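Engineer: Here is a sequence together with a model predicted from it:
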Amino acid sequence: MSESVIRDTPEPGVRSLTISRPDKRNALDRATYRALGEALTDAAQDESVRVVVLTGAGNCFTAGNDLADFQDTTPTGEPSAGLTFLKVLSSFEKPLIAAIEGFAVGIGTTMLLHCDLAYAGAGARFRLPFVNLGLCPEGASSFLLPRIAGTKAAAELLLLGEPFGPQIALDAGLINAVAPEGGALALALEKARALAQLPPVSLATTKRLMRAHLHDQIAHALELEAENFHALRRGPEAQAAFAAFFRR
Ligand code: COA
């Protein structure tokens, strides 16, 4: 496994996964997506793991997909590493809690739609800059965000793509609560400790029932978005936006 995801056991029954590329604001390159997917699969299979907490190193959750990878237009003939990770994430059966400090951009925000609980520090900054980058939504956010936030709120976040703080994330249903700055992980671990003491089969069944009616629609949205996303990613608007980011 790559060192860009650190696995730990901060509490009995709790597996923490820390995205760790701090010099790149924890941007998710292909290796990090693979490492995250493998770590989730391992947590799913390991009976000693009752709950997973997902967080980022260096007071940053993640700056989203690695834009250098997005510049690469070489056809691989394989599904993207991001889509493969999203499929593992969206079908993960154990309780999953996110702890967010600092930036949560792009997939850093959309992955919260697949976490059961999410807590953000008061200084967290969220953003869904897909349109700004010449892209379209991913992570089933075009389906899930209007459903949880309402169509007007979702349109504001997905069409304008402006940064927003934890209060708007809370109002949109992306997080459960705002912790004091630097306190998101402690709050997430407190909830993880409580969940780890509850009957695991009952927890898994409850999670599955809450998602059962959405499962096929989420899978469909992931595929439909991926198709459009990858066409746009190769196009001139997106490639110009990626180049502009690295020229700053
Ligand atoms: N992909 C690749 N590299 C990234 C990155 C990304 N998504 N986000 C940040 N980095 C790199 C920067 O290129 C820089 O690298 P360098 O030091 O080698 O030049 C380093 O991480 C620090 O980034 P910087 O922009 O200087 O940090 P900041 O604290 O001023 O700003 C962000 C942080 C997250 C607001 C800003 O980096 C950003 O907007 N990143 C892009 C987010 C994005 O568009 N993600 C994709 C969504 S689909």
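Structural biologist: It's in. Residues are numbered from 1 along each chain as shown.
Engineer: If residue 18 is in a bridge, with which residues?
Structural biologist: Each beta-bridge partner of residue 18 is listed here: residue 6, residue 55, as defined by DSSP bridges.
Engineer: Test my guess that it contacts residue 57.
Structural biologist: Yes. Counting by Cβ atoms under 8 Å, a contact exists between residue 18 and residue 57, whose distance comes to 5.3 Å. To be clear about C-beta, it is placed using only N, CA and C from the backbone, and glycine gets the same treatment.
Engineer: Contact partners for the closest residue to the ligand within the chain?
Structural biologist: When distances are taken as Cβ to the nearest ligand atom, the chain approaches the ligand most closely through residue 106, which lies 2.7 Å from it. Contact partners of residue 106, counting by Cβ atoms under 8 Å, 6 or more residues apart in numbering, are 63-65, 127-130, 138.
Engineer: Just give me the residue closest to the centre of the protein.
Structural biologist: residue 111 (2.3 Å; Cα atoms, centre = their mean).
Engineer: Could you tell me how far that one is located from residue 183?
Structural biologist: Residue 111 is 21 Å from residue 183, where distance means Cβ to Cβ, to the nearest Å.
Engineer: Also residue 106?
Structural biologist: In this structure, residue 106 and residue 183 are separated by 24 Å, where distance is defined by Cβ to Cβ.
Engineer: all helices of the protein, in order?
Structural biologist: Per DSSP state H, the chain carries helices over the ranges 30-45, 67-71, 81-90, 107-110, 141-149, 151-155, 166-171, 184-196, 200-212, 215-234, 236-247.
Engineer: So which residues on this protein come close to the ligand?
Structural biologist: With the criterion set to Cβ under 6 Å from any ligand atom, the chain comes near the ligand through 24-25, 27, 63-68, 103, 105-106, 129-130, 133.
Engineer: Give me the buried subset of these.
Structural biologist: Under a neighbour-count criterion of 16 or more other Cβ atoms under 10 Å, the subset of these counted as buried comprises 24-25, 27, 63-67, 103, 105-106, 129-130, 133.
Engineer: Report pLDDT for residue 75.
Structural biologist: Residue-level confidence at residue 75 comes out at 83, pLDDT.
Engineer: same question, the one 3 residues further on
Structural biologist: For residue 78, the model assigns a pLDDT of 86.
Engineer: Now do the phi/psi pair for it.
Structural biologist: Dihedral pair for residue 78: phi -120, psi 160, per degrees, to the nearest 10.
Engineer: separation between it and residue 39?
Structural biologist: Using Cβ to Cβ, one obtains 20 Å as the distance from residue 78 to residue 39.
Engineer: of these two, who's got more company?
Structural biologist: Set side by side, residue 78 and residue 39 give different neighbour counts by other Cβ atoms under 10 Å, the larger being at residue 39 (22 against 8).
Engineer: Hmm, the more buried one is touching residue 4, no?
Structural biologist: No. With the criterion set as Cβ under 8 Å, residue 39 and residue 4 do not qualify as a contacting pair; they are 10.4 Å apart.
Engineer: residue contacts, residue 169?
Structural biologist: Contacts for residue 169 were tallied using Cβ under 8 Å, 6+ apart; they are 109, 112, 120, 124, 126, 175.
Engineer: shouldn't the residue nearest to the centre of the chain be in contact with residue 89?
Structural biologist: Yes. A contact is recorded between residue 111 and residue 89 when judged using Cβ under 8 Å, the distance being 6.1 Å.
Engineer: Need the pLDDT of residue 1.
Structural biologist: According to the model, residue 1 carries a pLDDT of 45.
Engineer: Now do stretch 239-247, average pLDDT.
Structural biologist: On average, stretch 239-247 scores 98.
Engineer: Please apply the same query to stretch 104-112.
Structural biologist: On average, the pLDDT along stretch 104-112 is 98.
Engineer: Convert the C-alpha atoms of that stretch to CSV, please.
Structural biologist: The C-alpha trace of stretch 104-112 is given here as CSV (Å, rounded to 0.1, in the frame of the first residue of the first chain):
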residue,chain,number,x,y,z
ALA,A,104,-12.4,19.7,1.0
VAL,A,105,-12.6,20.4,-2.7
GLY,A,106,-14.3,18.5,-5.5
ILE,A,107,-14.4,14.8,-4.6
GLY,A,108,-13.3,16.0,-1.1
THR,A,109,-16.8,17.3,-0.8
THR,A,110,-18.7,14.8,-2.9
MET,A,111,-17.3,11.8,-0.9
LEU,A,112,-19.1,13.2,2.1
